[in-house]
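# Got a predicted model here, sequence first, then my questions.
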Amino acid sequence: MPDTSLRLLRRLETGPRGLTDTEAAARLAEHGENTPAAAPPALSWPRRSVRALRDPFTSVLLTLGLVSAFVASWGTASVILALVAVSCALRAAGERRADRSLAALRGLVTGTATVLRRTGRADEPRAREVPVADLVPGDIVRLGPGDLVPADVRLLRARGLTVRQDTLTGESAPVAKEAAEVPGESAESHLCFQGSQVVSGSAGAVVVATGARTRFGAAQRVPVQRGPSAFDRSVHGISWVLVRFMLLTPPLVLMASAAVHGRVLQTLPFAVAVAVGLTPEMLPVIVTTCLARGASRLADAHRVVVRRLPALHDLGAVDVLCLDKTGTLTQDRPVLAAALGPDGRDDPEVLRWAAVAAWWGLTLSELPAPDALDEALLTAAGPVGEEYDGVAALPFDPAHRLAGAVVTGALGRHVLITKGAAETVLEQCDLTEGERERLLGLATRHAESGLRVLAVATAELPARTRPYGARDARDLTFRGLLTFRDDLAPGAADALRTLTGLGVEVRVLTGDHPATAVRACRDLGLTVGEVRTGSAPEAAGTPGTVTVVARCTAEDKARVVAGLRAAGLTVGFLGDGVNDVPAMLAADVGVAPRGAVDVARESADVVLGEKDLGALGHAVLAGRHSSANIASYLRVTLSSNLGNVFAMLAAGLLLPFLPMLPAQVLAQNLCFDASQLAFADDRPDPEALRRPTRLRPPAFLRFLTGFGLLNAVADLATFGVLTLAPRGGAGLSDEALFHSAWFTENLLAQALAMLLLRSGRRIAGGRPGPVGWASAVLAGAGLLLPATPLGAVLGLTALPADRYLLLAAVLVPYALALIVARVRHDRRQP
Ligand SMILES: Nc1ncnc2c1ncn2[C@@H]1O[C@H](COP(=O)(O)OP(=O)(O)OP(=O)(O)O)[C@@H](O)[C@H]1O
């Protein structure tokens, strides 16, 4: 039979007054830390390396290595294995570094829990904020809106509590919870699980399990599955197209060779080497390094924490940024402006009623702190509420935008007080239609001047013991309106101007009154376009204007975001409240300021250091910076590799010997890979950062085929001039000469591509930067390696001077063609 709460408290050797500090310390030593569910355990080196093997490019390389070993081409197989080992080690090291700094950064934003603890047995318990990791079984915790349930708990008291527990069940709708004394055998409505989010209401609860023993811990921390983000769609999309292409290459080379020369087995190592050459095996390394560098620069310079690395790419790709208003565009430090009676004149009674409701709502819910509007009410009203006895709290209902309390009035009767959004409160009042319209108009007029507006109403009811609920708020007497000034967030106007200057369209999704939101936008210098209320995924938006969707519930915000994503846009969401969480999770990238409620901060991919929106512009730029470098790498490496494959195929068909030995193809590939690591440190031209940087697979593949063909033409031209050139001198085999010249040409052409194809780089001028130096080293290797002993091991030979002239005759026009094609390509870009 399930425990009553008393039996459970006894079993856990605790009580409603909480544990003492000594007891808590002893239990912490016994049970270990209550590690937050969001922090995955650190991976060991071997596991990390095995995980790196799961990457599609590595799998392709391994398959090609196995094929080589199968035909006893041990040289090729060993080089491939070395490539796999190097790329896995680099990737594992890069990821380890990235994970470490991410863990350190995450540490800056981990949450706390409100717990009742006593210094000694005889002392009074005090509510304290302790790190979530310090919670132990038996602790008594308090939960309020916006809290993340810090451990598995059983409710001892609950008022209007609803929680979202999609981390466990995948079900995103809030679920009601209550403190049943003797719960049914299978019912779990008296339990809340670690990682669940408190949407509304309040509760006191006892911790029953922490750390790995929580339900979430036992479920092995399977995170909520989010739909594919912009990063997944772009980088993974491109990767898979290439993997298919690479797998097609060896059979194509083999079939061609079999048809023309009748050799299959001899050509296999070469075919494999060509496919290896096409593999951008450094892609995962470059992606991780680019993103990790960007994230750590952002943290150092702007105190922005990127909690999920790919989110940095997504931030750079954001086309539309949706923001909430309160606490993001405004300070969320409301100050009472006026208390107005139904006739629109000053009436202090309205403030008194609202403050009584706020005071008793807060006291009976045992919330650690009032929300911003209630705090403003209590500050303005001074000491109030003690003259009544509190009967019930009506916690904030986010769907109807109401909160209230029931107190005892004259002659022991009960008075129900509600305060909230004017349209809902007026709906509950006993008014004629005309009067309701007039009062709504009054509320709108105040909202139009940028004020936040609350309506207040009361009802006198016979005393009763039955609990109060939303259904009791009927036929109320309208008391009046309260207006609040909430100043704009400092720096918000500049930040929004920066964002629009960066080509990011802004939308404001708020729970507040449309007129208040519109006025805030105008005061921030934004031009307001469409204004809607509720769910409006179809809100089209006029270019250059801000669409405002007001009176949004949390679900409405998520629907608008999902609608924008379904229209093919990359969407970011910035918010700080519990009503922003579903939209954050629905967006490609969710952003929260550090002062946001726990659940918002924990759901965000990016956390801003301060309530300073200015950092957001820097974060978007950092995302674009990283993506531009990844794009540069992809453009250069793939167009060169693609060109090489075309040329190798053609040369393989026409030449009586292999156009390059497998070892030479692989050595050349190693040189390419090493030089391309420089892209992680490149500084793209500011021009490349002006628009959202999204790696769109179709546009990318068009670029690749265009520039790949140009590269192939250069390679084939080299092939032509080398074939037509006079024979080599004494002792020089034609084959070795051909291989060496082509090897040199390939490395020089790759160096040119590195210089001329990187993102947004002005073609001439500017400092060389890491990529400039790396391409110089690559070109140097191309020119010098054939003449070295290592070159001899690879079957290369020093080139006579006339070959360099021949190569120059090909490469100078190639460089010019690249410049012309690049300029034309850039002009065609929007
Ligand atoms: N403490 C409160 N008591 C009564 N009503 C409230 C209280 N707090 C908010 N409201 C009402 O609920 C409405 C919506 O609040 P909600 O928290 O959903 O959004 P918001 O904070 O106004 O806006 P945003 O979504 O931009 O953060 C408010 O405009 C107000 O009318």
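The structure has been received and is ready for your questions. The shown structure was predicted, so the numbers you read here are calculated from the model rather than taken from an experiment. Numbering: from 1, shown residues only.
# Thought Ser740 was touching Leu799, still the case?
Yes. Using Cβ atoms under 8 Å, Leu799 makes contact with Ser740 at a distance of 5.6 Å. The C-beta positions use only the backbone N, C-alpha and C, and glycine is treated the same way.
# With neighbour numbers in mind, choose between those two.
Neighbours per residue (other Cβ atoms under 10 Å) separate Leu799 from Ser740, with Ser740 holding more: 26 against 21.
# which ones are touching Leu716?
646-647, 650-651 (Cβ atoms under 8 Å, 6 or more residues apart in numbering).
# quick one: least confident of these?
Among the contacts of Leu716, Ala651 has the lowest pLDDT, at 75.
# Can you pull the phi and psi angles for that residue?
In terms of degrees, to the nearest 10, the main-chain angles of Ala651 are phi -60, psi -40.
# Settle this for me: it is touching Gly720, isn't it.
No. In this structure Ala651 lies outside contact range of Gly720 using Cβ under 8 Å: 10.1 Å.
# These two: which is more packed in?
Applying other Cβ under 10 Å to Ala651 and Gly720 shows that Ala651 carries more neighbours, namely 21 against 12.
# Please report how far that one lies from Arg803.
With the distance defined as Cβ to Cβ, to the nearest Å, Ala651 ends up 16 Å from Arg803.
# next one: Leu661
18 Å.
# now do Ala470
87 Å.
# Just want to know which of the two has more residues nearby.
More crowded of Ala470 and Arg803, by other Cβ under 10 Å: Arg803, with 21 against 15.
# In the stretch 651-800 of the chain, which residue sits nearest the ligand?
Nearest to the ligand, among the residues of the stretch 651-800 of the chain, is Pro692, at 24.4 Å (Cβ to the nearest ligand atom).
# before we move on, what SS does that residue have?
Reduced to three states with DSSP: H, G, I helix; E, B strand; the rest coil, the structure at Pro692 is coil.
# My guess is it contacts His313. True?
No. Look at Pro692 against His313 with Cβ under 8 Å: they stay out of range, at 10.8 Å.
# Give me the more crowded residue out of the two.
Between Pro692 and His313, His313 has the larger neighbour count (other Cβ under 10 Å), namely 29 against 23.
# The residue of the stretch 151-300 of the chain found nearest the ligand and His825, how far apart?
Using Cβ to the nearest ligand atom, the closest approach of the stretch 151-300 of the chain to the ligand is made by Ser200 at 10.4 Å. Separation of Ser200 from His825 (Cβ to Cβ) stands at 54 Å.
# Go through the helix or strand hosting Leu9 and flag the buried ones.
Assigned by DSSP states H and E, Leu9 belongs to helix 5-11. Within helix 5-11, the residues that count as buried by 16 or more other Cβ atoms under 10 Å are 5, 8-9.
# which helices and strands sit right next to it?
Helices and strands touching helix 5-11, by 3 or more Cβ pairs under 8 Å, 6 or more residues apart in numbering; DSSP states H and E, are strand 152-164, strand 197-209.
# mean confidence score for the last one?
Meaning strand 197-209. The model assigns strand 197-209 a mean pLDDT of 88.
# what's the answer for stretch 431-451, then?
Mean predicted confidence for stretch 431-451 is 94.
# what domains does the record give for this structure?
For the chain, automatic domain parsing gives the domain ranges 5-31+111-218, 231-298+620-828, 305-331+489-608, 335-485.
# possible to save the ones you listed as JSON lines with distance to Glu95?
Output for the domains of the chain, formatted as JSON lines (distance: least, Cβ to Cβ, whole Å):
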{"stretch": "domain 5-31+111-218", "distance to Glu95": "24"}
{"stretch": "domain 231-298+620-828", "distance to Glu95": "6"}
{"stretch": "domain 305-331+489-608", "distance to Glu95": "9"}
{"stretch": "domain 335-485", "distance to Glu95": "39"}
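# Around the ligand, pick out the residues from the chain.
By Cβ under 6 Å from any ligand atom, the residues of the chain that approach the ligand are 324-327, 371, 373-374, 396, 398, 401-403, 419-421, 454, 510-512, 577, 579.
# Keep only those of these that are in strands.
396, 402-403, 419-420, 454 (DSSP state E).
# Of these, which is the nearest to Ser603?
Ser603 lies nearest to Phe396 out of those, by Cβ to Cβ, at 19.7 Å.
# which residues are contacting stretch 675-690?
90, 282, 285-286, 289-290, 293, 502-503, 621, 624-625, 628-630, 632-633, 636-637, 750-751, 754, 758-762, 766, 769-771, 773-775, 777-778.
# tell me the contacts of whichever residue of the chain sits closest to the ligand?
Among the residues of the chain, Gly511 lies closest to the ligand, at 2.4 Å counting by Cβ to the nearest ligand atom. Contacts for Gly511 (Cβ under 8 Å, 6+ apart) come out as 324, 326, 398, 401, 550-553, 577, 579.
# at 7 Å instead, please
401, 551-552, 579 (Cβ atoms under 7 Å, 6 or more residues apart in numbering).
# Equivalent analysis for Pro786, please.
By Cβ under 7 Å, 6+ apart, the contact set of Pro786 is 740, 743-744, 796-799.
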